[in-house]
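Colleague: Quick check, what structure comes out for this input:
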Amino acid sequence: MNFSDRILLIVDDEKNTRDGLRRSLEDDFDVYVAANSAEAEEVLSSESVDVMLTDLRLGGESGMELIQRTLTRPQAPLCILMTAYGSVDVAVEAMKNGVYDYISKPLNIDELEIVIKRAIRSRIVEAENVVLKNQVSERRGLENIIGLSAAMEPIFDMIRQVAPTRATVLIEGESGTGKELVGRAIHQLSGRPKAKLVTVHCAALSENLLESELFGHERGAFTGATDRRIGRFEEADGGTLFLDEIGEINASTQVKLLRAIGERTIERLGSNKPIKIDVRVVAATNKDLSEMVREGTFRDDLYFRLNVVSIHLPPLRTRKEDIVLLASSFLREFTAENQKSPMELSAEALSLLLDYDWPGNIRELRTAIEHGVVMCNGTRIEVRHLPTFLREGRLGDLRETTRLAHSTGLPVSTPIHQPSSPPLSISSFPTEPEDLNLAKMEERLIQLALARTGDHRTEAAKLLGISRRTLQRKLKEMNEDEL
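Modeller: Numbering: from 1, shown residues only. Got it, this is the predicted structure:
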């Protein structure tokens, strides 16, 4: 776990102590220091501090008083108390007042690092739990539809709005965009989720078989009909019937389907006896039904019956942000399915995924990730493990790839560092003993990094291997020293 972007605030009225702690800890954390409670509260007001490490005695004020005020803040940091006046009573009282942990002076730095990292892990887990609880609450019934892109938000809103109603829904979109998942979500969020959801893939059946599948048949209705058969409409009575690829049904079946939806009545093949049904119909298609209506290949009255509410799913190429989330989900699924260790994608491999247009949409991405998991013998999927059609594409921006991955939690390895400017070199610095002043060399290193990156502080921080906040603090200290 990377802690370098986690903010640690050290509060101690002894300059040597706080500066020594900062030097010991700033390689692992983004460290701020404060000499008293006023300086500490200034940092707390401007930065999202993860952990506050404070001395028990701060001049004329108690560190416990600072902790008590700090814990009343929204998103308060976890607080660790350090003191040379250690006793069981002090520790117990500190814990009662909300202190995360307690450590005695003189400090053992290794022990202190363990305590701080444990506190940060606790804070991360707590934050993740809050996010997960919110997501479960907000997306109950939508768990299987992965997407945080702007293109998906109105889809989720529409599903929530239409699901509790009895309206017929037409889901449109290219093959592989997840239309069946949307149909399932509508059913789960309906007023009767425990009732049956029945799915019929219209394109997979011949004309005669489709009618029998939908409406059922009596014994002797046609050659081979040796027994009565209950159709899918009757099977779905009280629940939802999902008709996939509705654009494939012929004219005769369209007429019968129109009556079933409009009158809520069906007749089995070979029978004239009407059967009342209570079925909510959700249909899906990858065809343009409005165009088919204009061409005369799809009934306009059936189209209007189906299209009470229309949901159009965007293709994957217009929701690139979701590729990272989907790839992460498929990685977990296929590593577990194939009993392999957890895997990550190299930055180059993820760049290929983001750069490709995905004509097969989510289904095609799923296949690509499964291919990568199967072909990889280690724990990192490289470009060579992905299907040929992806390897023929061009690489995207690896920095943007890594940013997208880290922002959404996808396991992705850091690419081999290939800076656009020459790497920093020790030859840039003096080697004579009288010139080897650590603070001065640090200043010259920072100046060189800024020069190499055109004064771009974020890139300079990356080149130096520190956080942007640490670089900003060091620049501020350099300027103060010049005054």
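Colleague: what ranges do the strands span in the stretch 251-400 of the chain?
Modeller: 265-266, 275-276, 280-285, 309-312, 344-345, 380-381 (DSSP state E, counting those that start in this stretch).
Colleague: most neighbours per residue, which of the ones you listed?
Modeller: Most buried of the strands of the stretch 251-400 of the chain by mean neighbour count (mean count of other C-beta atoms under 10 Å) is strand 280-285; its value is a mean of 26. For glycine as for every other residue, the C-beta is placed from the backbone atoms N, C-alpha and C.
Colleague: Could you check how many residues crowd around residue 61?
Modeller: 13 (other C-beta atoms under 10 Å).
Colleague: please begin residue numbering at 674 from this point
Modeller: Let's use 674 as the start, then, which means that last one is residue 734.
Colleague: what's near enough to touch the closest residue to it other than its chain neighbours?
Modeller: Closest residue in space to residue 734, ignoring its immediate chain neighbours: residue 710 at 5.6 Å, by C-beta to C-beta, 6 or more residues apart in numbering. With contacts defined as C-beta atoms under 8 Å, 6 or more residues apart in numbering, residue 710 is in contact with 684, 731, 734, 738-739, 742.
Colleague: where's residue 710 relative to residue 737, distance?
Modeller: For residue 710, the distance to residue 737 (C-beta to C-beta, to the nearest Å) stands at 11 Å.
Colleague: same thing with residue 709?
Modeller: Using C-beta to C-beta, which is the criterion applied here, residue 709 is 14 Å from residue 737.
Colleague: do residue 1011 as well
Modeller: Residue 1011 is 53 Å from residue 737, by C-beta to C-beta.
Colleague: The two: who's more crowded?
Modeller: residue 737 (21 against 11).
Colleague: Look at residue 816 and report its pLDDT.
Modeller: pLDDT for residue 816: 65.
Colleague: Skipping adjacent residues, who's closest to residue 1054 in space?
Modeller: Excluding its sequence neighbours, the residue lying closest to residue 1054 (C-beta to C-beta, 6+ apart) is residue 1045, at 4.3 Å.
Colleague: does residue 857 sit in a helix or strand, and which one?
Modeller: Residue 857 is located in helix 852-861, with elements delineated by DSSP states H and E.
Colleague: next helix or strand past that helix?
Modeller: strand 870-874.
Colleague: Least confident secondary structure element in the chain?
Modeller: Of all the helices and strands that make up the chain, helix 1071-1081 has the lowest average by mean pLDDT, DSSP states H and E, namely a mean of 48.
Colleague: Name the spans of this protein whose pLDDT lies under the cut-off.
Modeller: The chain contains residues with pLDDT under 70 at 674-675, 758-761, 764, 801-814, 816, 1066-1114, 1153-1156.
Colleague: domains of it?
Modeller: Listed domain ranges for the chain are 680-809, 826-987, 990-1081, 1099-1155 (source: automatic domain parsing).
Colleague: Just the terminal-to-terminal distance for the longest one.
Modeller: Taking C-alpha to C-alpha, to the nearest Å, the first and last residues of domain 826-987 lie 11 Å apart.
Colleague: centre of the chain versus it, how much separation?
Modeller: In terms of C-alpha atoms, centre = their mean, to the nearest Å, the centre of domain 826-987 is found 33 Å from the chain centre.
Colleague: Which of the contacts of residue 710 ranks first by neighbour count?
Modeller: That'd be residue 684 among these, by other C-beta under 10 Å, with 27 neighbours.
Colleague: Not counting sequence-adjacent ones, nearest residue to that residue?
Modeller: Closest to residue 684 by C-beta to C-beta, 6+ apart is residue 727, at 3.9 Å.
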